[in-house]
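Chemist: Let's see this in three dimensions:
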Amino acid sequence: MQDLPRTFPGHPWLDTKEGHAALRRVLVGYSFRDSDVGYCQGLNYVGALLLLVMKIEEDAFWMLAVLLENVLVNDCYMTNLSGCHVEQRVFKDILVKKCPRLAAHLEALEFDVSLVATEWFLCVFSKSLPSETTLRVWDVLFYEGAKVLFHVALAIFKMKEEELLVA
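Modeler: Sure, this is the predicted structure:
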């Protein structure tokens, strides 16, 4: 797993041999649990943040299992990322409906929102938002389900809409 050293580089615990080993055990453990998923880029950030919050590898493993098996859309982390592709199409449709000016502007620029939203969804915002914000998003995600990803992504675009419209 070459992604381990790239996962939150500089973090005082995660960017150590012990941190890398703990994260490797959680991710490899899950790959044995669900061989259809195995390992997918993005899971390293999710697993790492779960480790930091849960403190115990087994607890982080089980939270990862719940997240992937009960909360997020099926097939998001499969080899072909089919679930992620479906999510991106749905998100584009939501953006057109909720922010038509912005969607039209991005379309005119030939900018595909999945270029940013794919990372948001695969990493469940753990790579792109501050940890404190990500954990608040995760609280709601575990309670309300995967629709929260769409709400947060839409909120980010709405917050930056005026800046994006002048680009």
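Chemist: Which residues does stretch 157-166 contact?
Modeler: For stretch 157-166, the surrounding residues in contact (Cβ atoms under 8 Å, 6 or more residues apart in numbering) are 95, 98-99, 101-102, 105-106, 113. Yep, even glycine has a C-beta here, placed from its N, CA and C like the rest.
Chemist: want to throw those into a markdown table with distance to Met63 and secondary structure?
Modeler: Below are the contacts of stretch 157-166 laid out as a markdown table (distance: Cβ to Cβ, whole Å; DSSP: H, G, I helix; E, B strand; the rest coil):
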| residue | distance to Met63 | secondary structure |
| --- | --- | --- |
| Leu95 | 30 | helix |
| Lys98 | 31 | helix |
| Cys99 | 33 | coil |
| Arg101 | 39 | helix |
| Leu102 | 34 | helix |
| His105 | 39 | helix |
| Leu106 | 35 | helix |
| Val113 | 29 | coil |
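Chemist: Let's see the ChimeraX selection covering just the buried ones among those.
Modeler: To isolate the buried subset of the contacts of stretch 157-166 in ChimeraX, counting by 16 or more other Cβ atoms under 10 Å, use the following:
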select :95,99,102,105,106,113
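Chemist: So which of the contacts of stretch 157-166 is the closest to Ala65?
Modeler: Val113 (29.6 Å; Cβ to Cβ).
Chemist: give the contact list for that closest one.
Modeler: 88, 91-92, 95, 106, 157.
Chemist: How about Phe150?
Modeler: 87, 90-91, 94.
Chemist: ok, and the most crowded of those?
Modeler: The residue in those with the most neighbours, by other Cβ atoms under 10 Å, is Glu87 (25 neighbours).
Chemist: how about Val124, secondary structure?
Modeler: coil (DSSP: H, G, I helix; E, B strand; the rest coil).
Chemist: ok so, going back, pipe the contacts of Phe150 into JSON lines and attach secondary structure per row.
Modeler: Formatted as JSON lines, those follow (three-state DSSP):
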{"residue": "Glu87", "secondary structure": "helix"}
{"residue": "Val90", "secondary structure": "helix"}
{"residue": "Phe91", "secondary structure": "helix"}
{"residue": "Ile94", "secondary structure": "helix"}
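Chemist: Take those and lay them out in CSV including distance to Asp3 and pLDDT.
Modeler: Shown next, in CSV, are the contacts of Phe150 (distance: Cβ to Cβ, whole Å; pLDDT from 0 to 100):
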residue, distance to Asp3, pLDDT
Glu87, 21, 93
Val90, 27, 96
Phe91, 24, 97
Ile94, 29, 98
